[in-house]
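Chemist: After the sequence you'll find the predicted model.
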Amino acid sequence: MIAAILESGRPERLYTGLSLLVSAAAEGRPARGLVSFGALGPLLDDAPPADDRFSRSLHELRETARELEDCRLWACAAAVELTGASAEAVDARLDGVMSTPRFLREVEGAQLVVV
């Protein structure tokens, strides 16, 4: 299993982290991600403007992650609470909410990266 804590809101770093998870899951390796403070806003955004190719690509990668059977992305519980993120947006775009301690227990023994 590979696990990532997605913290950065920088599109390039976020794309890299998501790409790592999606690539692993596409090859049959379980992939888990915890979306924390910096990454939460960009990953909850609606579809980007048609002329923003990079944001559109990031949005498509997020959707691919949702479609893969063994790829899961959860919003960090503290990030959701402290940023006031919409529960509807979390439910629509991620696999729910999870605390960091629980996430770490869930991925125990996994290769863990932070981006």
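Modeler: Perfect, thanks for sending it.
Chemist: what residues does the helix or strand of the chain with the lowest mean pLDDT touch?
Modeler: Counting by mean pLDDT, DSSP states H and E, the chain has its least confident helix or strand at helix 53-67, which shows a mean of 89. Helix 53-67 has contacts (CB atoms under 8 Å, 6 or more residues apart in numbering) with 11, 14-15, 18-19, 21-22, 25, 31, 33, 42-43, 45, 47-50, 71, 73, 93-95. C-beta coordinates here come from the backbone N, C-alpha and C atoms, glycine included.
Chemist: In CSV, could you pull the C-alpha coordinates for that helix?
Modeler: C-alpha atoms of helix 53-67 as CSV (Å, rounded to 0.1, in the frame of the first residue of the first chain):
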residue,chain,number,x,y,z
ARG,A,53,-5.7,23.5,-18.7
PHE,A,54,-3.7,22.7,-15.6
SER,A,55,-6.6,23.1,-13.2
ARG,A,56,-8.8,21.1,-15.6
SER,A,57,-6.2,18.3,-15.7
LEU,A,58,-6.0,18.3,-11.8
HIS,A,59,-9.8,18.1,-11.7
GLU,A,60,-9.7,15.1,-14.1
LEU,A,61,-7.0,13.4,-12.0
ARG,A,62,-9.2,13.8,-8.9
GLU,A,63,-12.1,12.3,-10.7
THR,A,64,-9.9,9.4,-11.9
ALA,A,65,-8.9,8.8,-8.3
ARG,A,66,-12.6,8.6,-7.3
GLU,A,67,-13.3,6.0,-10.0
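Chemist: tell me which residues of that helix are tucked away?
Modeler: Neighbour-count burial for helix 53-67, counted by 16 or more other CB atoms under 10 Å, picks out Ser55, Leu58, His59, Leu61, Arg62, Thr64, Ala65.
Chemist: out of those, who's nearest Ala85?
Modeler: Arg62 (14.9 Å; CB to CB).
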